[in-house]
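Student: Here is my input; please provide its structure:
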Amino acid sequence: MHTKDILSAASVEVGLPIMAGNNRTREGNAGMPDRIRLDGRVAVVTGAAGVIGAATMQLLAERGAHIVAVDRKLQELQTAIKELPASARAVAIVADVTREDEVAEYVRAALDTSGTIDVFYNNAGIEGDIAPITRYSLETFRRVLDVNVVGVFLGLKHVLPVMLKRGKGSIINTASIAGLIGSPDIAVYSASKHAVIGLTKSAALECTAAGVRVNCVCPGAIDSRMLSAISDGRNPGNAPVPSDKIVERIPGRRLGHASEVASIVAFLASDEASYVSGSAYTVDGGRTAG
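Tutor: Below is the predicted model:
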């Protein structure tokens with residue numbers, strides 16, 4: 001696969017480039033640069049067609065970032081891209097995060113079209129089967145680890161050299177509260193997210209002194225297709241578990257929204273988080289506080 005092939009077959013550009021700058025100010029603080037802004041920065045987002053990926057692209061774009069969106073699903077990816085503001089100058093790239101040649105290609109395509117990578121949201125992931133360990137197939141076990149762990153590793157492997165060469169950048173991996181605690185029937189997913197947290201902390205130790213920050217976000221029960229799949233899988237043949245039963249164990253007494261995960265990602269991408277590296281931020285309504 002060649003960069004030219006990816007872009008010609010699977011790219012959509014929206015609007016015109018925006019100019020980089022730091023002249024935006026906080027209301028009531030004239031002259032102070034707004035450190036939450038991402039004007040002119042290039043953000044690569046994997047798993048961009050999913051609900052959290054799409055919400056994060058939207059917020060990053062609203063804060064001034066140029067977007068390079070990566071996903072396996074072209075049609076859904078193009079739909080998500082069309083929702084972005086015109087200023088995003090968004091490019092869509094179809095790629096499988098488990099294939100090293102395709103990961104290297106989406107990084108190369110990002111550099112060809114945008115010149116650099118300032119922010120990397122390493123987000124692609126799957127839940128796999130919903131089943132106890134004793135009934136879990138080896139094939140699916142390997143597939144979950146391939147996407148959720150190998151995909152994150154390959155993203156780090158190929159994006160880090162770009163950022164390390166420039167001496168700056170922010171990487172945010174998507175883990176889960178399942179990477180902090182155990183959970184029945186999703187043991188393999190849980191194991192994969194524990195691994196993502198380990199990769200995050202180790203990469204932070206390797207790279208923070210060189211100016212590259214690496215963190216992860218740990219969503220809890222977010223209103224999404226994945227949560228529905230897990231709930232349905234735990235009750236095969238029966239009616240889905242009502243949301244009020246799910247939220248009984250959440251101190252916040254509601255499901256989270258993808259936009260709330262996006263807010264943490266955007267914070268970690270920004271200069272407001274300039275001294276934050278190696279952290280795992282929970283977005284779970286207090287679920288893991290006890």
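
Student: how about Y121, what does it touch?
Tutor: Y121 is in contact with 43-46, 53, 56, 60, 172, 174, 265, 269, counting by Cβ atoms under 8 Å, 6 or more residues apart in numbering. Every residue, glycine included, has its C-beta placed from N, CA and C.

Student: Filter these down to the ones in helices?
Tutor: Judged by DSSP state H, helices contain the following of the contacts of Y121: 53, 56, 60, 265, 269.

Student: For the second one, give me its contacts.
Tutor: Spelled out, it's T56. 45, 121, 123, 258, 261-262, 265-266.

Student: of those, closest to G252?
Tutor: Minimum distance to G252 across the contacts of T56 is 13.8 Å, recorded for V261 (Cβ to Cβ).

Student: tell me the SS of that closest one?
Tutor: Following DSSP: H, G, I helix; E, B strand; the rest coil, V261 is assigned to helix.

Student: isn't it right up against D223?
Tutor: No: here V261 does not reach D223: they are 10.8 Å apart, not a contact under Cβ atoms under 8 Å.

Student: got the contact list for stretch 224-231?
Tutor: Here stretch 224-231 has contacts from 50-52, 127, 130, 185-186, 221, 240-241, 246, 255, 258, using Cβ under 8 Å, 6+ apart.

Student: any chance of these in a markdown table, with distance to G155, secondary structure and neighbour count too?
Tutor: What follows is the contacts of stretch 224-231, written out as a markdown table (distance: Cβ to Cβ, whole Å; DSSP: H, G, I helix; E, B strand; the rest coil; neighbours: other Cβ atoms under 10 Å):
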| residue | distance to G155 | secondary structure | neighbour count |
| --- | --- | --- | --- |
| G50 | 15 | coil | 24 |
| V51 | 20 | helix | 20 |
| I52 | 16 | helix | 28 |
| E127 | 19 | coil | 20 |
| I130 | 26 | coil | 19 |
| D185 | 27 | coil | 17 |
| I186 | 22 | coil | 24 |
| A221 | 25 | coil | 22 |
| P240 | 33 | coil | 13 |
| V241 | 33 | coil | 14 |
| I246 | 30 | helix | 17 |
| L255 | 28 | coil | 17 |
| A258 | 20 | helix | 21 |
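
Student: May I have stretch 123-131 as CSV, with CA atoms only?
Tutor: Taking Å, rounded to 0.1, in the frame of the first residue of the first chain, the C-alpha atoms of stretch 123-131 are listed here in CSV:
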residue,chain,number,x,y,z
ASN,A,123,-7.9,5.4,20.3
ALA,A,124,-8.8,2.4,18.2
GLY,A,125,-10.1,-0.6,20.1
ILE,A,126,-12.7,-3.4,20.2
GLU,A,127,-14.5,-5.2,23.1
GLY,A,128,-14.3,-8.7,21.6
ASP,A,129,-16.6,-11.5,22.8
ILE,A,130,-18.6,-11.2,26.0
ALA,A,131,-18.0,-14.5,27.7
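
Student: all helices for the stretch 151-290 of the chain, in order.
Tutor: 151-166, 187-207, 225-233, 243-247, 258-269 (DSSP state H, counting those that start in this stretch).

Student: Highest mean neighbour count across these, which stretch is it?
Tutor: helix 258-269 (a mean of 22; mean count of other Cβ atoms under 10 Å).

Student: Can you tell me what sits against that helix?
Tutor: Residues from elsewhere that reach helix 258-269 (Cβ under 8 Å, 6+ apart): 36, 38, 41, 43, 51-52, 54-56, 58-60, 63, 65, 119, 121, 170, 172, 213, 215, 217, 219, 222-224, 273, 276, 281, 283.

Student: run the last query once more with 7 Å
Tutor: By Cβ atoms under 7 Å, 6 or more residues apart in numbering, the list of residues contacting helix 258-269 from outside reads 38, 43, 51-52, 55-56, 59-60, 63, 119, 121, 170, 172, 215, 217, 219, 222, 224, 273, 276, 281, 283.

Student: Keep only those of these that are in strands.
Tutor: 43, 119, 121, 170, 172, 215, 217, 219, 281, 283 (DSSP state E).
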